[in-house]
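A.B. asks: structure, please.
(4 chains)
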Amino acid sequence: MANTITVLYFARLRETFGMASENMALPYDVASLEGVRATLAARGGVWAHELAAGRAFRAAVNQDIASADTAVKAGDEVAFFPPVTGG
Amino acid sequence: MANTITVLYFARLRETFGMASENMALPYDVASLEGVRATLAARGGVWAHELAAGRAFRAAVNQDIASADTAVKAGDEVAFFPPVTGG
Amino acid sequence: MSVTVRVQSEDFDISKEIAFLRRDNPRIGAIASFIGVVRDMNEGDSVAEMTLEHYPGMTEKSVEDIITQACDRWQVMDAVVIHRIGTLKPLDQIVLVVVSSAHRGDAFAACEFIMDFLKTRAPFWKKEQTGKGARWVDARAADDAAAERWQR
Amino acid sequence: MSVTVRVQSEDFDISKEIAFLRRDNPRIGAIASFIGVVRDMNEGDSVAEMTLEHYPGMTEKSVEDIITQACDRWQVMDAVVIHRIGTLKPLDQIVLVVVSSAHRGDAFAACEFIMDFLKTRAPFWKKEQTGKGARWVDARAADDAAAERWQR
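C.D. replies: Below is the predicted model:
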């Protein structure tokens, strides 16, 4: 666990990826949200499609809305989801 | 009654004048709210004071907010009152 | 579309008024509401109670005019305005405005507009019993300013 | 000052929530509130029901952040936000925001601000069952615009 992060998916992304969460090993050269996104997109298929840099997804690190340069370290909780539609 | 108007007073004006309403003969040369105001102010005392042209009172003719040049004719309901403070 | 204006000495219950206004209308998406309450302080003095006087007939007419103006400006589904009269004490509810609409922007704007105009146009007057004796409440410049910003 | 944030599948009653928020505090003069309701139509299609998903933990945190921002900008006495999750049908209440203040301008502004930010920042997602099948609701540009106008 020492070297992993928890990644959560919600709503349309959860359905498209077929998973709500995973523990992901954090590559040694990844230290930002952009690095996590690129690692996931490199899986290809729906991952490459939904997490393409220009797509309208949102992300949070440790339950705060995050941007591409937000730092990510082992133990963090990262989430990817569509723009919110509550209220 | 054919030649009279009903005049109503509310709140501080009702208390100061000591009356809530009166039937007032409409002078032959009065055809506007300003004429009614001047007629009442000519009574002197609290009437002259409270209905002086520069005082912050409000008026209505037939239950619509009115201004000095609003027409007044026999049978109308005219009201004088302080700026409103409800809500 | 329904418009309800009531002037009454009795208290009101916002849940009941909203249920009445909704009448199972599935096109309503947003309900904005406002309750005015008697505070125990005004202008720095403690208020024991207040009496609300109004101009019967003109009150209902002026509030209906205010609601009509709101309906001209925003998409309003229904509106309820209840204003209490008589003697009220701190913590008592004074006024209720509820506006329903398909969308929240219209509901919020119409509700605030109605309150701002009600404060400056509807013929109600408050007389307070304070520690320093009874006094008629003065109209507030802030209320005129609040109503005027809708003209811009 | 009290702040209450609840995410729940149960329905709510605005009268009870307002009574709880007021707690006989005689400094409250104004209570602005908003209820969001499920409509039977969206984007031109009939909606039979919808399911609300959220991000537990982040939801409460983000709503508390929104309320804190509102308290920084306006004089807010208390705030209550309740957002429902799970399956809802047309006419069901979805969200409640109640803000109390000494004066109505602060209550209205803070209540609308909280709703606008809740629509664009709080992690909730709606999936509708329509006559054309199930679909995730798309974020609306109008909601982003509503939230952005507070930055001006």
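
A.B. asks: which residues of the chain fall in helices?
C.D. replies: Here I'm looking at chain A. Assigned by DSSP state H, chain A shows helices spanning A:11-17, A:33-41, A:45-50.

A.B. asks: try chain C instead
C.D. replies: C:14-22, C:58-73, C:104-121, C:141-148.

A.B. asks: among the helices of chain A, which comes closest to chain C?
C.D. replies: helix A:11-17 (20.6 Å; CB to the nearest CB). The way it works is simple: take the backbone N, C-alpha and C, and place the C-beta from them, glycine included.

A.B. asks: show me what the closest one is packed against.
C.D. replies: helix A:45-50, strand A:77-81, strand D:124-130 (3 or more CB pairs under 8 Å, 6 or more residues apart in numbering or on different chains; DSSP states H and E).

A.B. asks: hey, which helix or strand in chain A has the poorest pLDDT?
C.D. replies: None of the helices or strands of chain A scores lower by mean pLDDT, DSSP states H and E than strand A:64-65, at a mean of 95.

A.B. asks: how far does that strand sit from the chain's center?
C.D. replies: Here strand A:64-65 is found 12 Å from its chain centre; the criterion is CA atoms, centre = their mean, to the nearest Å.

A.B. asks: quick check: neighbours of that strand in the sheet, parallel or antiparallel?
C.D. replies: Sheet pairing of strand A:64-65 (DSSP bridges) gives strand A:58-61 (antiparallel).

A.B. asks: hmm, who's touching the strand it pairs with?
C.D. replies: The contact list for strand A:58-61, computed with CB atoms under 8 Å, 6 or more residues apart in numbering or on different chains, reads A:33, A:37, A:65-67, A:70-72, A:76-84, D:55, D:58, D:123.

A.B. asks: same deal with stretch A:21-32?
C.D. replies: A:1, A:3-9, A:35-36, A:38-40, A:68-74.

A.B. asks: buried subset of those, written for ChimeraX?
C.D. replies: Entered in ChimeraX, the line below selects the buried ones among the contacts of stretch A:21-32, by 16 or more other CB atoms under 10 Å in any protein chain shown:
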select /A:5,7,8,9,35,36,39,40,70,72
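
A.B. asks: and A:Met24, what are its bridge partners?
C.D. replies: A:Ile5.

A.B. asks: tell me the spacing between it and chain B.
C.D. replies: 57 Å (CB to the nearest CB, to the nearest Å).

A.B. asks: number of nearby residues for that residue?
C.D. replies: Applying other CB atoms under 10 Å in any protein chain shown, we find 16 residues neighbouring A:Met24.

A.B. asks: mean confidence score for stretch C:31-40?
C.D. replies: Computed over stretch C:31-40, the mean pLDDT rounds to 97.

A.B. asks: do that stretch and chain A meet at all?
C.D. replies: No: using CB under 8 Å from any CB of the partner chain, stretch C:31-40 stays clear of chain A, with a minimum separation of 13.1 Å.

A.B. asks: residues touching residue 20, list them.
C.D. replies: Just so you know, I chose chain A. With CB under 8 Å, 6+ apart, A:Ala20 has these contacts: A:8-10, A:14.

A.B. asks: think we crossed wires, I meant chain C
C.D. replies: C:Phe20 neighbours (CB under 8 Å, 6+ apart): C:4, C:80.

A.B. asks: roughly how far does whichever residue of chain A sits closest to chain C sit from B:Met24?
C.D. replies: Distances between chain A and chain C by CB to the nearest CB are smallest at A:Gly87, namely 8.1 Å. Using CB to CB, to the nearest Å, one obtains 58 Å as the distance from A:Gly87 to B:Met24.

A.B. asks: what's the answer for A:Ala42, then?
C.D. replies: From A:Ala42 to B:Met24 the distance is 90 Å (CB to CB).

A.B. asks: check C:Gly57 too.
C.D. replies: 19 Å.

A.B. asks: so where's chain A shaky on pLDDT?
C.D. replies: Scanning chain A for pLDDT under 70 picks out the ranges A:1.

A.B. asks: got a list of what the residue positioned nearest the centre of it touches?
C.D. replies: The residue lying closest to the centre of chain A (CA atoms, centre = their mean) is A:Phe80, at 4.4 Å. By CB under 8 Å, 6+ apart, the residues touching A:Phe80 are A:7-10, A:13, A:37, A:40, A:51, A:57-59.

A.B. asks: for whichever residue of chain A sits closest to chain B, which non-adjacent residue is spatially closest?
C.D. replies: Using CB to the nearest CB, the point where chain A gets nearest to chain B is A:Gly87, with a distance of 28.5 Å. Leaving aside its sequence neighbours, A:Gly87 sits nearest to D:Lys119 (CB to CB, 6 or more residues apart in numbering or on different chains; 4.1 Å).

A.B. asks: quick check, the one you found in contact with D:Ala145.
C.D. replies: No: using CB atoms under 8 Å as the test, D:Lys119 is too far from D:Ala145 to be in contact (10.8 Å).

A.B. asks: so which of the two has more stuff around it?
C.D. replies: D:Lys119 (23 against 12).

A.B. asks: contact residues of chain C facing chain D?
C.D. replies: Going by CB under 8 Å from any CB, the residues of chain C near chain D are C:13-16, C:18, C:22, C:24, C:26-41, C:90-91, C:102-105, C:107-108, C:111-112, C:115, C:142, C:146.

A.B. asks: if you set the cut-off to 6 Å instead, what comes out?
C.D. replies: Counting by CB under 6 Å from any CB of the partner chain, chain C comes close to chain D at C:13-15, C:26, C:28-29, C:31-35, C:37, C:39-40, C:90-91, C:104, C:108, C:112, C:115.

A.B. asks: quick one: which of the residues you listed sit in strands?
C.D. replies: C:31-35, C:37 (DSSP state E).

A.B. asks: neighbour-wise, which of these leads?
C.D. replies: C:Ala32 (28 neighbours).

A.B. asks: so who does that residue touch?
C.D. replies: By CB atoms under 6 Å, 6 or more residues apart in numbering or on different chains, the contact set of C:Ala32 is C:99, C:107-108, C:111, D:34.
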